[in-house]
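Engineer: from the sequence below, what's the structure:
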Amino acid sequence: MMKLHQLRYLHEVVKHGLNITNAADALYTSQPGVSKQIQLIEEELGLQIFKRNGKRLTGLTEPGAQILSLASQVMRDIENIKRVGDEFSDVESGTFTIATTHTQARYKLPAAVKAFMAKHPGVKLNIHQGNPSQVAEQVVSGEADIGIATESISGYSELLCLPCYHWNRCVVVPHDHPLVTGGLLTLEKLASYPLITYDFAFTGGTLVSKTFSDAGLTPNVVLTAIDADVIKTYVSLGLGVGLLANMAYDPERDMNLTRIDVSHLFPDSTTYLGVRKDAFLRGYMYSFIELIAPHFNRAAVNAALKISD
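Structural biologist: Residues are numbered from 1 along each chain as shown. Reported below is the predicted structural model:
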């Protein structure tokens, strides 16, 4: 009879890129043990779950992909069951993982994180950084409980995405740069300078590209980075004009640079908070959501998830 640990083994093998040795390490068991359990479940089902090249796993078969999807759902359901138990037996302890981008983690989350840790000292908080696609994928896979990033995470059907706040952009340049005294900044003028901005894996970068394209312009992007502090460092070296989120400019830390608002040139971006639609949210998770987006209290989140309090 199929056993729960066999489904967990399948799940971990796929999670670790079909590397049985790495999956076995994560499961604190042996590689032969994992291989044996995979063989047993395939024999019981009378089909192959994995494609093979010799002893090496190379992919999932068509039925294997369906089985893996169901096994992953089982793992999520088990995690939800554990969370329900923890919620009622040990309300103020647990582990909470947030996936977000560097700009959000560095400039927008600190106040909320500080307030959260003061309110829930028994909760271990982890923050994972990545681009918006990586953020969304971590939440979808269960590696993170909540994802915070720009618009692109709202394209994942497994996630409920709640709009938190809007933001726009600024240009940063050395104090003696011609743009400081050049009057109202236009897209044409900005396109004439070497530009340093976010990596185009970020929604901000994509939106910036579209704005220039719609105006019939091609920006001279000489350097991209995922880290606003890296952008500002290279601007300070005179390598180009920095285009970044308004929130990433700190008047005290960045006093060597002049900030020029360009919100008249680009449409606003929206930061979203994403959770799996089928996840059980611990009480402290609702608390964090409300700290980030006060308009989403527990009742509002549950209404969006279409569950009752």
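
Engineer: so the chain: which segments form each domain?
Structural biologist: 4-85, 92-166+270-305, 169-267 (automatic domain parsing).

Engineer: could you tell me the least trusted of these?
Structural biologist: If the domains of the chain are sorted by mean pLDDT, domain 4-85 sits at the bottom with a mean of 81.

Engineer: for the residue nearest the centre of the chain, what are its contacts?
Structural biologist: Geometric centre of the chain, nearest residue: residue 135, 1.5 Å, by Cα atoms, centre = their mean. Counting by Cβ atoms under 8 Å, 6 or more residues apart in numbering, residue 135 makes contact with 99-101, 128, 144, 147-149, 153, 274. The C-beta positions use only the backbone N, C-alpha and C, and glycine is treated the same way.

Engineer: and the domains of the chain, which is most packed in?
Structural biologist: domain 92-166+270-305 (a mean of 18; mean count of other Cβ atoms under 10 Å).

Engineer: tell me which helix or strand the residue nearest to the centre of the chain sits in.
Structural biologist: Per DSSP states H and E: residue 135 is located in helix 132-141.

Engineer: export that helix to PDB, keeping only CA atoms.
Structural biologist: This file holds the C-alpha atoms of helix 132-141, laid out as PDB (Å, rounded to 0.1, in the frame of the first residue of the first chain):
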ATOM      1  CA  PRO A 132       9.500  38.800  -8.700                       C
ATOM      2  CA  SER A 133       9.400  35.500 -10.600                       C
ATOM      3  CA  GLN A 134      11.600  33.800  -8.000                       C
ATOM      4  CA  VAL A 135       9.500  35.300  -5.200                       C
ATOM      5  CA  ALA A 136       6.300  34.000  -6.700                       C
ATOM      6  CA  GLU A 137       7.800  30.600  -7.400                       C
ATOM      7  CA  GLN A 138       8.900  30.300  -3.800                       C
ATOM      8  CA  VAL A 139       5.400  30.900  -2.500                       C
ATOM      9  CA  VAL A 140       3.900  28.500  -5.100                       C
ATOM     10  CA  SER A 141       6.300  25.800  -4.100                       C
END
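
Engineer: how far does that helix sit from the chain's center?
Structural biologist: With Cα atoms, centre = their mean, to the nearest Å as the basis, helix 132-141 stands 5 Å off its chain's centre.

Engineer: coming back round to it: save the contacts of residue 135 as TSV, and put in secondary structure and distance to residue 253 too.
Structural biologist: What follows is the contacts of residue 135, written out as TSV (DSSP: H, G, I helix; E, B strand; the rest coil; distance: Cβ to Cβ, whole Å):
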residue	secondary structure	distance to residue 253
99	strand	25
100	strand	20
101	coil	19
128	strand	24
144	coil	28
147	strand	27
148	strand	22
149	strand	23
153	helix	28
274	strand	29
